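> Predicted model and sequence follow; I will ask about them next.
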Amino acid sequence: MVELRVDEVKLPDALMRQTVNDEKMEGLAKSIRRWGIVVPLIVRPMEGHYELIAGMRRLMAAEMVGLEVVPVIVRESDDGESEAVKMVENREREEVNAVDEAKYMAAVMERNGWTQKEMAKELGVSEGLVSQRMKIATWSDTTKRAVAAGNLRFSVAREIEQIKDDREKERLVRVAVDSGVSPNVAAQWRREINAALEAEQMEVAMETTRRIVHQPQTVYVTCQTCEGAVKVEEVVFVRICAECWEIMKKGK
């Protein structure tokens with residue numbers, strides 16, 4: 001571990017953390033003012049400076065309290081390894097919300113050409129967790145904003161986002177933010193609303209089927225004399241022997 005001047009440590013172009021809780025930042029700044037930085041930042045050497053890998057909040061808090069130097073661990077690493085270390089460190093400290101983590105995972109996977117399986121291997125997590133994060137991209141903006149702001153738990157948001165009625169989904173996000181519901185309650189919302197929607201869709205389908213079945217059908221047959229199409233109800237039946245029938249066919 002060494003010490004570097006604060007101005008020697010530069011932020012990377014792609015930041016993992018997109019949102020910062022002001023109240024928590026103030027608490028961290030007070031702690032650093034009194035005790036200093038207990039956990040060193042992780043950096044890697046670049047041309048003329050050091051790039052921050054992990055510890056953005058600690059660096060920001062150090063600047064807030066006017067520290068001139070910060071403790072760091074210098075790590076030689078390439079882009080892929082740096083991104084993996086950054087995510088592992090933040091996941092272990094539970095400092096990044098799921099929306100920011102999902103955005104960052106997507107950016108790292110695209111930059112390095114990694115699959116979800118490779119991303120999971122680098123992080124030491126299940127492929128299912130990475131897949132779960134990637135699904136956040138399909139969430140509504142209302143849900144993503146609530147999670148990013150720390151007003152909605154990820155587990156609750158995940159349940160609400162499985163609701164198939166978009167208007168109900170938007171409404172329940174606001175209810176969840178205001179009331180702070182548990183994942184179990186959100187799961188119950190999902191089950192009840194989706195079941196009601198499925199029942200409604202089934203009734204519509206059955207009614208459509210009933211209309212089709214009871215709708216009068218026009219059936220056509222081929223005239224045995226002219227071979228043209230004729231409605232069944234307009235067919236005329238006559239008694240005629242086979243010999244006469246052959247004569248009629250020849251004379252048509």
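All right, it came through fine. Numbers count the residues shown, from 1 in each chain.
> starting at the chain centroid, how far to the helix or strand residue 176 falls within?
Assigned by DSSP states H and E, residue 176 belongs to helix 166-179. Centroid separation for helix 166-179 versus its chain: 17 Å, with CA atoms, centre = their mean, to the nearest Å.
> what do you get for stretch 67-74?
With CA atoms, centre = their mean as the basis, stretch 67-74 stands 37 Å off its chain's centre.
> Now that stretch: buried residues?
Within stretch 67-74, the residues that count as buried by 16 or more other CB atoms under 10 Å are 67, 70-72. Backbone N, C-alpha and C define where each C-beta goes, glycine included.
> now swap in stretch 119-135 and tell me
119-120, 122-123, 125, 129-130, 133.
> Where does residue 151 sit: helix, strand or coil?
Under DSSP: H, G, I helix; E, B strand; the rest coil, residue 151 falls in the coil class.
> which stretches of this protein form strands?
Secondary structure of the chain (DSSP state E): strands located at 2-5, 9-10, 41-46, 49-54, 69-74, 220-222, 229-231.
> quick one: which of these has the weakest pLDDT on average?
Ranked by mean pLDDT, the strands of the chain bottom out at strand 220-222, which scores a mean of 74.
> Adjacent strands (with direction) for that one?
Counting by DSSP bridges, the strands paired with strand 220-222 are strand 229-231 (antiparallel).
> contacts for the partner strand?
218-223 (CB atoms under 8 Å, 6 or more residues apart in numbering).
> gap between that strand and the chain center?
From the chain centre to the centre of strand 229-231 is a distance of 57 Å (CA atoms, centre = their mean).
> follow-up on the earlier one: which positions in the helix holding residue 176 come out as buried?
168-169, 172-173, 176-177.
> These into a markdown table, with extra columns for distance to residue 31 and pLDDT?
Output for the buried residues of helix 166-179, formatted as a markdown table (distance: CB to CB, whole Å; pLDDT from 0 to 100):
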| residue | distance to residue 31 | pLDDT |
| --- | --- | --- |
| 168 | 43 | 93 |
| 169 | 39 | 93 |
| 172 | 37 | 94 |
| 173 | 33 | 94 |
| 176 | 31 | 93 |
| 177 | 29 | 92 |
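> hmm, back to that, dump the contacts of strand 229-231 into a markdown table; add distance to residue 99 and neighbour count as well.
Listed next are those as a markdown table, based on distance: CB to CB, whole Å; neighbours: other CB atoms under 10 Å:
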| residue | distance to residue 99 | neighbour count |
| --- | --- | --- |
| 218 | 58 | 7 |
| 219 | 60 | 8 |
| 220 | 61 | 12 |
| 221 | 66 | 11 |
| 222 | 67 | 10 |
| 223 | 71 | 13 |
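> Just send the residues you listed back as TSV, with distance to residue 156 too.
As requested, those are exported to TSV (distance: CB to CB, whole Å):
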residue	distance to residue 156
218	56
219	57
220	60
221	64
222	66
223	70
